[in-house]
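Asks: take this sequence and fold it.
(one chain, ligands or ions: 1)
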Amino acid sequence: MSTPTIEVIRRHGSVRNYKPDPVPTALIETIVAAAQCSSTSSNLQMMTVIAVTDADKRARVAGWCGNQTHVAQAPLLLVWCADLNRLDRICALRGYSQVTEYVENFLVAATDAAITAQTAALAAESLGLGICYIGSIRNRTQDMIELLGLPRLVFPVMGMTVGWPATPPPVRPRLSTDAVLHWELYNRDQDQAVRDYDRAMVETGIYEGRQVPVPGKSDAVEDYGWMEHSARRVCQPARTDLREILAGQGFDLA
Ligand SMILES: Cc1cc2nc3c(=O)[nH]c(=O)nc-3n(C[C@H](O)[C@H](O)[C@H](O)COP(=O)(O)O)c2cc1C
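Replies: Got it, this is the predicted structure:
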């Protein structure tokens, strides 16, 4: 069974090769306005998105993201931010003071940002645009905060390149639905589904020449697949400065 919306969802592939044509301002506004219709925790709308079209800025961000060329190439970079700053102002106007030191407050704001971002992604894809999330903006979070002039209580959760695909992106397989859809109780028996997916991903050829380096581990692992790739990603600390940067932005989650 399918619908036009499900078809758009099924055709998704991250786009890393864009035409130079800009995304018209009116279209960007349409996409963000549609995304704002997403559910939002208690209707607090704790998010802001910064649209970056300036080529010099995008080139700088691309460098910070480990020279991901698509970040400079895409005509638009959307930076999705968790935003409690607006509520801070509202509290001040109404004579209250906002509580911001709990993980809960940051979690709901980051969730709002992510939900809105994904709705925007679908809106963009339904218009024939391509997108790619860019978590690598958090390689240089403090620099991003300064580049975008983000005030206290605003935190850049992730970027998203948007533009017209130069080539259609590959559609990558996912884990079998059995592995992620459990009925009534958590199902711990997922090894076979994971192994099957490991092989399906090897067949896409995605890992050729793209092994994650791990100190002391050879790149020449014979059965390098989704399992090895994923394990290598999560066995090493990443972006260990984030707690400190969050505190600097007023999210003192100690
Ligand atoms: C939060 C998030 C951050 C991501 N960061 C990056 C990134 O920095 N660079 C990139 O090229 N892709 C990035 N991606 C895209 C994923 O690699 C991609 O969605 C995943 O490999 C599945 O491929 P597909 O989107 O083509 O189906 C990110 C995706 C998400 C959801």
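Asks: now do the contacts for the residue of the stretch 51-200 of the chain found nearest the ligand.
Replies: Residue of the stretch 51-200 of the chain nearest the ligand, by C-beta to the nearest ligand atom: G135 (3.0 Å). Where C-beta positions appear, they are placed from N, C-alpha and C, glycine not excepted. For G135, the contact set (C-beta atoms under 8 Å, 6 or more residues apart in numbering) comprises M158, G159.
Asks: swap the cut-off to 10 Å and go again
Replies: Applying C-beta atoms under 10 Å, 6 or more residues apart in numbering to G135 gives the contacts C65, V157, M158, G159, M160, A238, R239.
Asks: out of those, which end up buried?
Replies: Among these, the ones that count as buried by 16 or more other C-beta atoms under 10 Å are C65, V157, M158, G159, M160.
Asks: was I right to think V32 contacts V23?
Replies: No - judged on C-beta atoms under 10 Å, V32 makes no contact with V23 at a distance of 11.3 Å.
Asks: can you give me the strands for the stretch 1-150 of the chain?
Replies: Taking DSSP state E, counting those that start in this stretch, the strands of the stretch 1-150 of the chain run over residues 47-52, 76-83, 130-134.
Asks: quick revisit: which neighbours do V32 and V23 have in common?
Replies: Common neighbours of V32 and V23, counting by C-beta under 10 Å, 6+ apart, are A51, L78, A124.
Asks: could you check how far the second one is from G250?
Replies: Spatial separation of L78 from G250 under the definition C-beta to C-beta, to the nearest Å is 23 Å.
Asks: those two - which one has more neighbours?
Replies: Neighbour tally, L78 and G250, criterion other C-beta atoms under 10 Å: the higher count belongs to L78, 27 against 18.
Asks: need the contact list for that one.
Replies: L78 neighbours (C-beta under 10 Å, 6+ apart): 23, 28, 31-32, 35, 49-52, 117, 120-121, 124, 131, 133-134, 158-162.
Asks: quickly list what the nearest residue to it once chain neighbours are set aside is bridged to.
Replies: Nearest residue to L78 in three dimensions, chain neighbours excluded: M160, at 4.5 Å (C-beta to C-beta, 6 or more residues apart in numbering). Beta-bridge pairing for M160 (DSSP bridges): L78, Y133.
Asks: returning to what we had before: JSON lines for the contacts of G135, including pLDDT?
Replies: Below are the contacts of G135 laid out as JSON lines (pLDDT from 0 to 100):
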{"residue": "C65", "pLDDT": "98"}
{"residue": "V157", "pLDDT": "98"}
{"residue": "M158", "pLDDT": "98"}
{"residue": "G159", "pLDDT": "98"}
{"residue": "M160", "pLDDT": "99"}
{"residue": "A238", "pLDDT": "95"}
{"residue": "R239", "pLDDT": "97"}
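Asks: ok, and of the residues you listed, which contact the ligand?
Replies: Among those, the residues lying close to the ligand (C-beta under 6 Å from any ligand atom) are C65, M158.
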